[in-house]
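[1] show me how the following folds:
(chains A and B)
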Amino acid sequence: MIAAGAAAAGTAGLVLLRRRGNLRIARGLAALRLAARGGARYASNAPKLFAAAGEHRQQLRNDLALRTAEDVTATLGTMKGVLMKLGQMASYIDDGLSPAARRTLSRLQDSVPPMSADLAAQVIEEELGQPPDRLFAAWDPEPIAAASIGQVHRAITTNGVAIAVKVQYPGIAETIEADLGNVALLRKMLRIMAPSQDVPALLAELRDRVTEELDYRKEARNQQLFADYYDGHPTIGVPRILGEYSSRRVVTSELADGARFAELAGWSQAERDLVAETIYRFVFRSLYQAHAFNGDPHPGNYLFHGGGRVTFLDFGLVKYFTADELSPLEAMVRYLCVEHKPESFRAAMVDAGFLLRETPLPTDQIVEHMAVFYDTVRERGRRTMTGDYASAVTRRFFDFRSPLAPYARIPRSYVILQRINLGLFALLGELNATADWRLIAEEIWPFVQAPPSTPMGEAEAAWLAARGERQRASRSPGREGLEGLPGRRN
Amino acid sequence: MTAGQGARGMESRTPDSVAGAEDLIERSAKAFIAAIPQQPEDDGYFGPASITWRLAADLSAPVAGLRGLLMQALHPLAMAGVDQHSGWRRDPAGRLAATSAYLATLTFGDRATADRAAAQVRRIHDHVRGTDPVTGRPYAAGDPALLLWVHVTFVDSGLAAARAFGTPPSNAEADAYIRETRIYAELLGVPRDIIPADQRGLAEYVRSVVPELMNTPAAEEAAGYLLDPPNMDPAVADLWQELRDAVLAVLPDWALDRYGYRPPPPLTAERRDEIRGALGMFDAVLLGEPGVLEARQRITLRQRDVH
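    Down below sits the predicted model:
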């Protein structure tokens, strides 16, 4: 009867998950809320920034380590792996879940112990053909970090290259894939945990997000594309993938080290401004020039080296844009900020699917509502990003009582974009960074392509020029975006 | 459904209220945590190598509990005792929590703690006496015949549920489980020699009791509550349906027949996986309560020490 009590308590818990929180928001706007993962969390929950999923797990003693594939299934099977992923998604949704639901989902993340050294070695051998101590010149059996469905080990190749080897829990991909197929049950669960959300949209997002992460080859491909694109960049670094040590369940890159985001608090404001400029350039150059977006704006995925140099890690969630997807976004910026044509801006919003054509509101009201999102780039001049600004953007984003809300949409292909946008603002706000963001944007906007506005811009221009030389020399595709490269996937 | 449990201190609570539910899950979790000792004096009556520990922590455990309760309720005297003394209607969920706390203490606690808990229940049982309004027969909660029925339904259900939805025990493990768990009944006053000690004995004993079983009005009400709790949030009711289907799928035919439930369709592999997923979700919710994870880790560590 431990059991019966457990069942009863379980139900009660579910009731609580549903009732304890304040979960009311307008239906049909769930995509907006999903889009805001990241931003909302950073804006209002800053201390959590530093508690990445893995940190709790590292406190777990190794005596609880998962020692067999069966241990993995027992711990992460029967929906628990899926719920854990939902927890990671939900942690970005600031106003979405009650404290009880949040606690449940985050406890689930904490409940996953690391793999034992033997089990991790076994995965390496299965995936790469040899056990790590034979494959590498040195192998650290203690994981240095936890990943959501795996863990990261340090090693040194026989050529003396220090590497980070991310190893996936054995069997976890199959288990989670099977559970994701249990659609009826997932719907029931989401109706309980997120009753006010658009459940099919949430489910689709959950499935996409998780499926994306199960096959590490995808992440390896993404990261290598970014590494290639930014090769030689003065301040943006992306560790190279070592393809010979990568597979479905293992992804290996150069080992990067550097200061963590938390340490920036002790850096000078000038240094922090440089960090912000690099991140800003990375985000917008990736979007407008490389046509790709790294959708995981977690500051835990950045390493800092001073002089504005930043290493970007974790390319598990990358979205590639086609020219058709990108052009309405460009049009919106151009009409609002450069050409000052409100009616054209409105038409571009409609074309992009952000606004219903029949919206019965005057254009100036729409512009007024949207302007906050473009605040940093509407006018030239130095501006300091603040947490308040980031919060204001987030609040506006979540303002479902606004007259515009019933007519606003976020098309699926842009969901991830909004997410990183909000995340970026929150991050820059936290750095309290000052720059003329408009001038930097003008350098990058394809429809402006202004000359460098900062020393970093100068260095970047030199890099671009040298890069152009190299590309001409190697007769690589004329287009500088990632889409010209082999292996590009949407 | 050990009569008398859970009657303490629940009178002021409104059934099914959110406050009550909140109270329940917290108390349930606390009771479970308290039952898993930090520094046990000994391994208790089972110990980390036991099959009893394994089955108590099995994913299928909620199904086992509900199945056991549904079987017990069909015994008119056992049901009358619960119905007339435990006050389950006032706080049915609290009643369940108290009983599960008792069983967790017996299972995972050290011997002295288990003995104290059992002694307390025996004292309560001394006062649970009366006459069953349906059969007109007198009953006493301390009657070994009633206690044995309650015991056997849980043991039988633990095996049936694990076979259908959990990690199935081997035949030898099933017999070991039946032997190990005899102490539950003994501690409440059932003579050891009448407690079944293997699968065959268990089945024979159940068959011998079946003719006495009937769906009394009290049984019907209790079963209705368990299978379809009233005033549940519709979304939660949806998930509870998975649990109900699971219980009906493993309920013996005679019990389905007494209750007048239609026999469920055969359990397909796909349906089984869906139900296991639902059980995983229930488990995740419990795990979300502070301290439950650590309590489970205490159990795991002790199990690892011996395996």
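
[2] list the contacts for B:Asp198?
    B:175, B:178-179 (CB atoms under 8 Å, 6 or more residues apart in numbering or on different chains). Backbone N, C-alpha and C define where each C-beta goes, glycine included.

[3] tell me which parts of the stretch 151-300 of chain B are close to chain A?
    Residues of the stretch 151-300 of chain B found near chain A (CB under 8 Å from any CB of the partner chain) are B:154, B:158, B:161, B:226, B:229, B:232-233, B:235-236, B:238-240, B:242-243, B:273-274, B:276-290, B:293, B:297, B:300.

[4] apply 7 Å and report the result again.
    B:154, B:229, B:233, B:235-236, B:238-240, B:243, B:273-274, B:276-282, B:284-288, B:293, B:297, B:300 (CB under 7 Å from any CB of the partner chain).

[5] in strands only, show me those residues.
    Of these, none are assigned to strands by DSSP state E.

[6] returning to what we had before: which of the contacts of B:Asp198 fall in helices?
    B:175, B:178-179 (DSSP state H).

[7] just the element for the closest residue to A:Tyr280 other than its chain neighbours, please.
    Distances taken as CB to CB, 6 or more residues apart in numbering or on different chains place A:Ile440 nearest to A:Tyr280, at 6.2 Å, with adjacent residues excluded. Element membership for A:Ile440 (DSSP states H and E) is helix A:437-444.

[8] can you list contacts of that helix?
    A:277, A:280-281, A:284-285, A:288-289, A:376-377, A:379-380, A:383, A:448, A:450, A:452-454, A:457 (CB atoms under 7 Å, 6 or more residues apart in numbering or on different chains).

[9] what's the PyMOL syntax to select whichever of these are buried?
    Of the contacts of helix A:437-444, the buried ones go into a single PyMOL selection, burial set by 16 or more other CB atoms under 10 Å in any protein chain shown:
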select buried, chain A and resi 277+280+281+284+285+288+289+376+377+383+452+453+454+457
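
[10] among the contacts of helix A:437-444, which are in helices?
    Per DSSP H, the contacts of helix A:437-444 map to helices at A:277, A:280-281, A:284-285, A:288, A:376-377, A:457.

[11] before we move on, back to that, for the contacts of B:Asp198, pick the one with the most neighbours.
    B:Ile178 (23 neighbours; other CB atoms under 10 Å in any protein chain shown).

[12] what about that residue, distance to chain A?
    Relative to chain A, B:Ile178 is positioned 17 Å away (CB to the nearest CB, to the nearest Å).

[13] what's the neighbour count on the residue nearest to A:Tyr280?
    24.

[14] low-confidence ranges, the stretch 151-300 of chain A, go.
    For the stretch 151-300 of chain A, the stretches flagged by pLDDT under 70 are A:194-198, A:295-297.

[15] what does it put close to chain B?
    A:179, A:182, A:184-185, A:188-189, A:191-192, A:195.

[16] helices - which of those land there?
    A:179, A:184-185, A:188-189, A:191-192.

[17] what pLDDT does residue 97 get?
    Using chain A. A:Leu97 is assigned a predicted lDDT (pLDDT) of 57.

[18] not quite, go with chain B.
    Confidence score, pLDDT, at B:Ala97: 84.

[19] how about A:Glu219: what's its closest non-neighbour residue?
    Nearest one to A:Glu219, counting by CB to CB, 6+ apart, is A:Gly316 at 4.7 Å.

[20] tell me the mean pLDDT over the helix holding A:Ile440?
    Over the span of helix A:437-444, the pLDDT mean works out to 96.

[21] from the chain's centroid, how far away is it?
    Centroid displacement of helix A:437-444 relative to its chain, using CA atoms, centre = their mean, to the nearest Å, is 23 Å.

[22] okay, now the domains of chain A?
    For chain A, automatic domain parsing gives the domain ranges A:2-109, A:182-210, A:321-450.

[23] which element, helix or strand, includes the residue of the stretch 1-150 of chain B found nearest chain A?
    Closest contact between the stretch 1-150 of chain B and chain A, by CB to the nearest CB, is at B:Ser100 (2.4 Å). B:Ser100 is located in helix B:92-108, with elements delineated by DSSP H and E.

[24] tell me what that helix is packed against?
    helix A:2-19, helix B:18-35, helix B:51-56, helix B:111-126 (3 or more CB pairs under 7 Å, 6 or more residues apart in numbering or on different chains; DSSP states H and E).

[25] which of the domains of chain A has the lowest mean pLDDT?
    domain A:2-109 (a mean of 53).

[26] buried subset of the residues of the stretch 151-300 of chain A next to chain B?
    Here, 16+ other CB under 10 Å leaves A:179, A:182, A:185, A:188-189, A:191-192, A:195 buried among those.

[27] of the residues you listed, which is the nearest to B:Gly87?
    A:Ile192 (29.4 Å; CB to CB).

[28] quick one: the closest one from B:Gly277, how far?
    Per CB to CB, to the nearest Å, A:Ile192 is found 13 Å from B:Gly277.

[29] in which helix or strand does the residue nearest in space to the middle of chain B reside?
    The centre of chain B sits closest to B:Gly65, judged by CA atoms, centre = their mean, with a distance of 3.5 Å. Secondary structure from DSSP H and E places B:Gly65 in helix B:61-73.

[30] so residue 205 is in which element?
    Using chain A. helix A:199-214.

[31] chain B, not that one
    With DSSP H and E as criterion, B:Tyr205 is part of helix B:199-209.

[32] next one: that helix to chain centre, how far?
    Centroid displacement of helix B:199-209 relative to its chain, using CA atoms, centre = their mean, is 19 Å.

[33] which other helices and strands contact that helix?
    helix B:144-165, helix B:171-180.

[34] excluding its backbone neighbours, what's nearest A:Thr68?
    Nearest residue to A:Thr68, sequence neighbours excluded (CB to CB, 6+ apart): A:Leu119, at 6.7 Å.

[35] tell me who's in contact with that neighbour.
    Counted by CB under 7 Å, 6+ apart, A:Leu119 has contacts A:66-68, A:170.

[36] from those, pick the one nearest chain B.
    A:Arg67 (8.7 Å).

[37] so that closest one touches A:Pro114, yeah?
    No. Using CB atoms under 7 Å, A:Arg67 is not in contact with A:Pro114; the gap is 10.6 Å.

[38] compare these two and say which is more crowded by neighbours.
    A:Pro114 (23 against 16).

[39] related to what we said a few turns ago, where does the residue nearest to A:Glu219 land on pLDDT?
    We note a pLDDT of 80 for A:Gly316 in this prediction.

[40] helix, strand, or coil at it?
    coil (DSSP: H, G, I helix; E, B strand; the rest coil).

[41] do you know how far it is from A:Glu127?
    17 Å.

[42] the more surrounded of these two?
    A:Gly316 (23 against 18).

[43] report how many residues lie close to the closest residue to B:Ala73 other than its chain neighbours.
    Spatial nearest neighbour of B:Ala73, excluding adjacent residues (CB to CB, 6+ apart): B:Ala219 at 4.1 Å. Neighbours of B:Ala219 under the rule other CB under 10 Å: 25.

[44] contacting residues around B:Ala219?
    Per CB under 7 Å, 6+ apart, neighbours of B:Ala219: B:73-74, B:79.

[45] now do the helix or strand containing it against helix B:61-73, angle only.
    Using DSSP H and E, B:Ala219 sits in helix B:217-227. Here helix B:217-227 runs at an angle of 170 degrees relative to helix B:61-73 (axes from the mean of the first three to the mean of the last three CA atoms, to 10 degrees).
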